[in-house]
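Asks: I would like to see how this sequence folds:
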Amino acid sequence: MLAVNISIVENHDNCVYDNVEIRDGHSPDSPLIGTFCGYKVPSDIRSTKNKLFVKFVSDGSVQKAGFSAIFMKEFDECALESHGCEQKCINTLGGYECACEIGYELHSDGKHCEGKPPYFVCSRVSSLAVSSSRQDVSLQEATLCVPDACGGVFDVANGTITSPSFPEFYPGSKNCVWEIIAPPQYRITLNFTHFDLEGNNVSPALSSV
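Replies: Alright, predicted model coming up:
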């Protein structure tokens with residue numbers, strides 16, 4: 001999982017000037033998660049795979065403070081086993097949780113799903129034991145802070161990416177791409193801490209991530 005915290009630049013309705021583009025994968029053709037601009041900090045972003053594509057673009061006009069984002073790789077608790085979840089196993093930060101399909105609700109045991117209206121599940125013996133286990137994963141911490149860097153490939157456990165010259169105004173006419181890579185059984189969470197770009201967060205436009 002990759003978490004990123006971003007603070008963006010120029011404020012514009014369509015994000016056509018400065019923007020940050022994030023894709024769920026490793027290439028410009030990967031599924032688009034979102035294109036961001038303006039000054040509103042985006043919510044945490046999580047990848048569904050072990051790679052995340054981040055692209056920053058600025059035009060030649062207005063410059064803003066830019067963005068700062070923290071990324072973190074996390075082991076996907078559901079990659080190798082379902083942990084006894086009857087329908088869905090959902091990876092979370094530091095663990096997992098069971099979930100149910102539409103039309104069902106999670107039983108109080110946190111594993112099984114009940115229909116609506118509920119149905120009964122009976123054991124054939126006089127007792128029923130439910131057990132679960134999880135393996136804690138320790139990640140080696142690493143911090144990356146290169147204020148004037150424009151793009152790059154990162155394969156460390158966690159770190160920070162920022163727009164060029166952050167927290168000072170970023171230069172115009174930039175096109176920066178970051179590729180964040182985790183091991184196959186990990187996912188990436190991206191958490192934006194600062195975001196001040198040209199645009200207004202409404203839709204893809206000029207300055208964007």
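Asks: Remind me what the strand ranked longest in the chain packs against, helices and strands.
Replies: In the chain, assigned by DSSP state E, the strand with the most residues is strand 186-197. Counting by 3 or more C-beta pairs under 8 Å, 6 or more residues apart in numbering; DSSP states H and E, the packing neighbours recorded for strand 186-197 are strand 2-5, strand 8-9, strand 19-23, strand 32-36, strand 45-46, strand 51-58, strand 66-75. Using the backbone N, CA and C atoms, a C-beta is placed for each residue, glycine as well.
Asks: so the third one versus strand 66-75, what angle?
Replies: Think strand 19-23. 10 degrees (axes from the mean of the first three to the mean of the last three C-alpha atoms, to 10 degrees).
Asks: helices and strands around strand 19-23, which ones?
Replies: Counting contacts by 3+ C-beta pairs under 8 Å, 6+ apart, strand 19-23 is packed against strand 8-9, strand 32-36, strand 51-58, strand 186-197.
Asks: 6 Å - rerun?
Replies: strand 32-36, strand 51-58 (3 or more C-beta pairs under 6 Å, 6 or more residues apart in numbering; DSSP states H and E).
Asks: and residue 105, which of these is closest to it?
Replies: strand 32-36 (28.7 Å; C-beta to C-beta).
Asks: Convert the closest one to PDB, retaining C-alpha atoms only.
Replies: Taking C-alpha atoms only, strand 32-36 is exported to PDB below (Å, rounded to 0.1, in the frame of the first residue of the first chain):
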ATOM      1  CA  LEU A  32      -6.200   6.800 -13.400                       C
ATOM      2  CA  ILE A  33      -6.800   7.400  -9.700                       C
ATOM      3  CA  GLY A  34      -7.100  11.100 -10.000                       C
ATOM      4  CA  THR A  35      -5.800  14.400 -11.300                       C
ATOM      5  CA  PHE A  36      -5.400  17.100  -8.600                       C
END
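Asks: And that strand, how far out from the chain middle?
Replies: Strand 32-36 has its average C-alpha position 11 Å from the chain's average C-alpha position, going by C-alpha atoms, centre = their mean, to the nearest Å.
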